[in-house]
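Enquirer: need a 3D model of the following:
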Amino acid sequence: MLNNEDVLIGRFKVRRLMSELGLICKQPGPHAYKQATVEMPDIPNRLNREFGVSRPDRA
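Expert: Okay, the predicted model is just below:
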């Protein structure tokens, strides 16, 4: 809204002003990926972690 009125303002000033007014941000936090602990038995491991190939598109 302030950008539409050509008012230059930084995110830290916005944070301070919002906290003074008792406003909170409703944006979702960052996505957290889970670390795989077991190998999926139904997915075959065809390369067996050997990624050194002689030419592209060959395994």
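Enquirer: who touches the strand or helix carrying Glu20?
Expert: Element membership for Glu20, per DSSP states H and E: helix 11-21. Contact with helix 11-21 is made by Ile24, Cys25, as judged by C-beta atoms under 8 Å, 6 or more residues apart in numbering. Just so you know, the C-beta spots here come from the backbone N, C-alpha and C atoms, and that holds for glycine as well.
Enquirer: what's the average pLDDT for it?
Expert: The pLDDT scores in helix 11-21 average 90.
Enquirer: same deal with stretch 31-49?
Expert: Averaging pLDDT along stretch 31-49 yields 78.
Enquirer: quick check: end-to-end length of that stretch?
Expert: End-to-end span of stretch 31-49 (C-alpha to C-alpha, to the nearest Å): 28 Å.
Enquirer: buried residues in that stretch?
Expert: Of all the residues in stretch 31-49, not one is buried under the rule 16 or more other C-beta atoms under 10 Å.
Enquirer: check the gap between Glu39 and Asn45 for me.
Expert: Going from Glu39 to Asn45 by C-beta to C-beta, to the nearest Å gives 7 Å.
Enquirer: that should have said Gly52, apologies.
Expert: For Gly52, the distance to Asn45 (C-beta to C-beta) stands at 16 Å.
Enquirer: next up, phi/psi of Glu5, please.
Expert: Backbone torsions of Glu5, given as degrees, to the nearest 10, read phi -100, psi 10.
Enquirer: how many neighbours does it have?
Expert: The criterion is other C-beta atoms under 10 Å. On that basis, Glu5 has 6 neighbouring residues.
Enquirer: for Leu21, same thing?
Expert: 8.
Enquirer: and it, how far from Lys13?
Expert: Distance of Leu21 to Lys13, given as C-beta to C-beta: 13 Å.
Enquirer: next one: Ser19
Expert: From Ser19 across to Lys13, the span is 11 Å (C-beta to C-beta).
Enquirer: what does Ala32 give?
Expert: Counting by C-beta to C-beta, the gap from Ala32 to Lys13 is 30 Å.
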